[in-house]
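K.L.:
Provided below for reference: sequence and predicted model.
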2 protein chains.
Amino acid sequence: MPEKIKYDIDELLDKRQYAKLKDILGHMNEADIVELFETLYGDNFDEEREFLILYRLLPKNLAAEVFSFMNHDMQEHLINAFTDKELREILSKSFIDDTVDLVEEMPANVVARILRNSSTGARRAINDILKYPKDSAGSIMTIEYVNIHKDMTVIEAFDKIRRVGLNKETIYTCYVTENRRLIGFVTVKDLFMAEESDIIGDIMETNIICAETNEDREKVAAMFRKYDFLAIPVVDTDYRLVGIVTFDDAMDVIQDENTEDVSKMYAMTPMEDSYFRTGILRHAGNRIIWLLILMVSMTITGVITMNYENAFAAVPLLVSFMPMIMDTGGNCSSQSSTLIIRGMALDEIRFSDFFKVVFKEFRISLIISAVLALINGVRIYLMYGHSLALSATIAVSIIATVVMSKLIGAALPMLAKKCRLDPAIMAAPLLATIVDLCSIVLYFNIASAILNL
Amino acid sequence: MPEKIKYDIDELLDKRQYAKLKDILGHMNEADIVELFETLYGDNFDEEREFLILYRLLPKNLAAEVFSFMNHDMQEHLINAFTDKELREILSKSFIDDTVDLVEEMPANVVARILRNSSTGARRAINDILKYPKDSAGSIMTIEYVNIHKDMTVIEAFDKIRRVGLNKETIYTCYVTENRRLIGFVTVKDLFMAEESDIIGDIMETNIICAETNEDREKVAAMFRKYDFLAIPVVDTDYRLVGIVTFDDAMDVIQDENTEDVSKMYAMTPMEDSYFRTGILRHAGNRIIWLLILMVSMTITGVITMNYENAFAAVPLLVSFMPMIMDTGGNCSSQSSTLIIRGMALDEIRFSDFFKVVFKEFRISLIISAVLALINGVRIYLMYGHSLALSATIAVSIIATVVMSKLIGAALPMLAKKCRLDPAIMAAPLLATIVDLCSIVLYFNIASAILNL
């Protein structure tokens, strides 16, 4: 669809048919409008004037929603083009969590303008939220929730929702507070199913699932997965309701954390921004630190390899099996570590399962290594002049390497977690160099023993 | 909390204080009750009788919800213990998507009992959904949505929601159909903001975002991320409304697909179940296929290594740098491939960006390789008797390997996607063996040239 619409929009812009344009845009979904802008203008805003014309054709409420869906570059560009009046208008229609995002991402001069054009209440709320630690529940919450009283009737609650609902991020869960403390909640579905004269205090759910402001945002996202809620209330240490986190933010957190885990597992510092918006120097920086650290351990592997110079001088063929032994060890260990890291992230595996996991991996490694050793033993026997000793060397090395790799691959991430390190850093690359080192030592020692070198 | 509650529950069970137990359970959240059962009985149901007693103490509506949160083992165990009457009761309160899940996972005899105890309508719906391809929108949808008519007034719509809402998975978005075709939708928020006498046809949103039954479920999940909807309608090829997908199912899909991607990236067939519930033979099977495939390519690497026997026979020191060159190549390529695969999964990178990406990775690789080559060149010059030739060999090899690895790491996943293969299979392991092969060839050729072997 973007291609067709892009063409239409371009043509209408050329012909200055603004009424027609306004009508088309007014019927589009906000996320689609943002996608259209991205298709039309991409990362550069050379056709800046047209972009502003299009944006200003949007009805006011839609304009605010479109703004909240934009990436930071586009938002910064717009804010710089806005008059103070326009900026005030947008900010007054934005939810606090989106404004906090803006304040965190924009350069200082833009932030100053944003704060200057926010209401006193909003400014105070922004400052409060900014005080919470990064990645905490407090830092991703918003303060626009529907607040009701336990003495209200259902019909009064409906009236309150009607009155305040337009400016609330979700109206489908209403929170019941007493002296600012959270004492219960009702969903709109509960309200529908109740009699109009029922008292909120009688029908509200008092078994409250909530997050504390300092709770890790990943834990909050896990609560959404567990309970299937639309929103989770955030309370301070005195159990006073200070905000809510909504499911769409939780979905973003899940996505971010997954990306972050994958980066760490592949020995990279996680990116703050998307692939294209990150510069090449930043990219290089994110990757080089780990490569350097890994090189140190690889150097050790190299030095140790030289201890076996006599072995591979006597039987040069041994060198040609090095890649296979090392890579198989690396692959086996990363298979195990990945499953364990993923299992821990989803809370399926805990440290108390340590021996259960290690024993399970041990049995799995016996099956795998037996099959691999048999196949390779036979292959090498047939390919390299029926040498039983060489066959046995490789077969025994494979078994030793696979078992060792899987045990290390299973144990290290769990130990890392126990030491409060992020288990993801124990994934493939760091693990692979440790496993490489061990497999070379195993391999040449087994070879020396069997071949009498 | 589980420890404390576990203790209380155990004690109350011993003392047969069922009224007290009933009261405690009745006030717990359904997901927490399931967690409690898991803590109490784990994977074995030796204390089966107690488990059934506890479950039967739950109020009927809560019992149905608890059932829907359970894992398949627990569900199977319960169904086998249920009388037909109990089973009918649970099924009548379950949503069709959960029942379809059951039918897909249970053994044949249990499935037969489930179908026998479902209503005729449910049975037909289950069969319809089972016909959709695995991983399609149709296969994860449910049919319990609120359906209204465009001629209704807002107050009539509210009445309908009240009447049918209890049995609908979400009541917050109501779908407007005409001759079964989807013509619009209204959210409950829209209804609240409208006048009671407004006509649905006038206030409904007609710009409909929907999925087709055969759409990939991953695409549907991406729509939730893009639009922040609570539910997305599913239509057939004639635009007739056949079901909805709700956000909680989308969140599960995102989580599943992430796990699946991670598995594939580490050369494993994705698991169908959690780590512990998968047996060791299944685990071994999932992993061994890839290890065998990879061994073939490693064998080729080994054979090619033997071509350079003269080189490392003349300068045995060359062997000791093999692990470093190979591992650095592997790490560099997996860094690039991971970012590209992730970017494609999130739709930030498309095939049309091919040359942009490759050029970007090329520039990044120049920076990284220059730094690594310099550090290692100096180190080797100092460590190994001030041999400029050896230093140069390693430095040049590092540059060649890093550039080559990053280009292959960036290009292969995009080409895989173009060929309609899953890009994730091009991640670390398969890529690593290709890159290993190339880096060994580069390394020994550079060494032969510089050292005149």
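P.N.:
Noted; the coordinates are in hand.

K.L.:
what about residue A:377, neighbour count?
P.N.:
20 (other Cβ atoms under 10 Å in any protein chain shown). C-beta here means a position set from N, CA and C on the backbone, and glycine is covered the same way.

K.L.:
swap in residue A:323?
P.N.:
For residue A:323, the count of nearby residues is 25 (other Cβ under 10 Å).

K.L.:
and the pLDDT for the spatially closest residue to it that is not a sequence neighbour?
P.N.:
Of all residues not flanking residue A:323 in the chain, residue B:301 sits nearest, at 4.6 Å (Cβ to Cβ, 6 or more residues apart in numbering or on different chains). We have a pLDDT of 80 for residue B:301.

K.L.:
give me the element residue B:301 is part of.
P.N.:
When elements are assigned from DSSP states H and E, residue B:301 belongs to helix B:280-306.

K.L.:
packing partners for the helix or strand following that helix?
P.N.:
Next in sequence after helix B:280-306, counting helices and strands by DSSP H and E, comes helix B:309-314. With contacts taken as 3 or more Cβ pairs under 8 Å, 6 or more residues apart in numbering or on different chains; DSSP states H and E, helix B:309-314 sits against helix B:317-345, helix B:428-451.

K.L.:
not counting sequence-adjacent ones, nearest residue to residue A:6?
P.N.:
In space, residue A:6 is closest to residue A:39, 5.6 Å off (Cβ to Cβ, 6+ apart).

K.L.:
rewinding a little: give me the neighbour count for the residue nearest to residue A:323.
P.N.:
Using other Cβ under 10 Å: residue B:301 sits among 23 other residues.

K.L.:
sorry, back to before: which other helices and strands does the helix holding residue B:301 contact?
P.N.:
When contacts are defined as 3+ Cβ pairs under 8 Å, 6+ apart, helix B:280-306 sits against helix A:317-345, helix A:354-383, helix B:428-451.

K.L.:
the last one vs helix B:280-306, what angle?
P.N.:
Same thing as helix B:428-451. 20 degrees (axes from the mean of the first three to the mean of the last three Cα atoms, to 10 degrees).

K.L.:
tell me the buried residues in helix B:428-451?
P.N.:
B:428-444, B:446-448, B:450-451 (16 or more other Cβ atoms under 10 Å in any protein chain shown).

K.L.:
I figured residue A:154 hits residue A:201, correct?
P.N.:
No. The criterion here is Cβ atoms under 8 Å, and residue A:154 misses it with residue A:201 at 11.3 Å.

K.L.:
of those two, which one has the most company?
P.N.:
Shown here are residue A:154 and residue A:201; by other Cβ under 10 Å, residue A:154 has more neighbours (21 against 16).

K.L.:
and that one, what does it touch?
P.N.:
Counting by Cβ atoms under 8 Å, 6 or more residues apart in numbering or on different chains, residue A:154 makes contact with A:191, A:194-198, A:200, A:203.

K.L.:
list the buried ones in the helix holding residue B:301?
P.N.:
Within helix B:280-306, the residues that qualify as buried are B:280, B:283-288, B:290-291, B:294-295, B:297-299, B:301-302, B:304-305, counting by 16+ other Cβ under 10 Å.

K.L.:
cool, stretch A:244-262 as well?
P.N.:
So stretch A:244-262, judged by 16+ other Cβ under 10 Å, has buried residues A:244-251, A:253-255, A:257-262.

K.L.:
next, the angle from the helix holding residue B:301 to helix A:354-383.
P.N.:
Interaxial angle of helix B:280-306 relative to helix A:354-383 (the same axes, to 10 degrees): 40 degrees.

K.L.:
what angle separates helix B:280-306 from helix B:317-345?
P.N.:
Interaxial angle, helix B:280-306 versus helix B:317-345 (the same axes, to 10 degrees): 130 degrees.

K.L.:
tabulate the helices and strands packed on helix B:309-314 (TSV), appending distance to residue B:75.
P.N.:
Below are these laid out as TSV (distance: least, Cβ to Cβ, whole Å):
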stretch	distance to residue B:75
helix B:317-345	31
helix B:428-451	36
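
K.L.:
format those helices as CSV; extra columns: mean pLDDT.
P.N.:
Output for the helices and strands packed on helix B:309-314, formatted as CSV (pLDDT from 0 to 100):
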stretch, mean pLDDT
helix B:317-345, 83
helix B:428-451, 84
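
K.L.:
mind listing the helices for the stretch 101-250 of chain A?
P.N.:
A:108-116, A:120-130, A:137-140, A:154-164, A:188-193, A:200-203, A:217-227, A:247-265 (DSSP state H, counting those that start in this stretch).

K.L.:
pick the most deeply packed of those helices.
P.N.:
helix A:137-140 (a mean of 24; mean count of other Cβ atoms under 10 Å in any protein chain shown).

K.L.:
please state the offset of it from the chain centre?
P.N.:
Between the centre of helix A:137-140 and the centre of its host chain there is 15 Å, according to Cα atoms, centre = their mean, to the nearest Å.

K.L.:
that older thread, burial count for the residue nearest to residue A:6?
P.N.:
A total of 14 residues lie near residue A:39 under the criterion other Cβ under 10 Å.

K.L.:
equivalent analysis for residue A:36, please.
P.N.:
By other Cβ under 10 Å, 20 other residues sit near residue A:36.

K.L.:
with only the CA atoms kept, save the strand or helix carrying it in PDB.
P.N.:
Per DSSP H and E: residue A:36 is located in helix A:30-41. Provided in PDB are the C-alpha atoms of helix A:30-41 (Å, rounded to 0.1, in the frame of the first residue of the first chain):
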ATOM      1  CA  GLU A  30      -1.800   6.900  13.300                       C
ATOM      2  CA  ALA A  31       0.800   4.100  12.900                       C
ATOM      3  CA  ASP A  32       0.200   4.000   9.200                       C
ATOM      4  CA  ILE A  33       0.600   7.800   8.900                       C
ATOM      5  CA  VAL A  34       4.000   7.500  10.600                       C
ATOM      6  CA  GLU A  35       5.000   4.700   8.200                       C
ATOM      7  CA  LEU A  36       3.900   6.900   5.300                       C
ATOM      8  CA  PHE A  37       6.100   9.800   6.600                       C
ATOM      9  CA  GLU A  38       9.000   7.400   6.900                       C
ATOM     10  CA  THR A  39       8.500   6.200   3.300                       C
ATOM     11  CA  LEU A  40       8.200   9.700   2.000                       C
ATOM     12  CA  TYR A  41      11.000  11.400   3.900                       C
END
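
K.L.:
mind giving me the packing neighbours of it?
P.N.:
Right, helix A:30-41 is packed against helix A:2-14, helix A:48-57, helix A:60-69, helix A:72-81 by 3+ Cβ pairs under 8 Å, 6+ apart.

K.L.:
of the buried residues of stretch A:244-262, which are in range of chain B?
P.N.:
A:247-248, A:250-251, A:254-255, A:258-259, A:262 (Cβ under 8 Å from any Cβ of the partner chain).

K.L.:
from those, which is closest to residue B:71?
P.N.:
Nearest to residue B:71 out of these is residue A:254 (Cβ to Cβ; 20.4 Å).

K.L.:
you'd agree the closest one is up against residue B:256?
P.N.:
No. At 11.6 Å, residue A:254 does not count as touching residue B:256 under the criterion of Cβ under 8 Å.

K.L.:
on that earlier part again, need the helices and strands packed on helix A:30-41 in CSV with mean neighbour count and mean pLDDT, can you?
P.N.:
As requested, the helices and strands packed on helix A:30-41 are exported to CSV (neighbours: other Cβ atoms under 10 Å in any protein chain shown; pLDDT from 0 to 100):
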stretch, mean neighbour count, mean pLDDT
helix A:2-14, 13, 75
helix A:48-57, 16, 84
helix A:60-69, 18, 88
helix A:72-81, 17, 88
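
K.L.:
dump the residue contacts of residue A:170.
P.N.:
With contact taken as Cβ under 8 Å, 6+ apart, residue A:170 is in contact with A:145-146, A:230-231, A:244, A:246.
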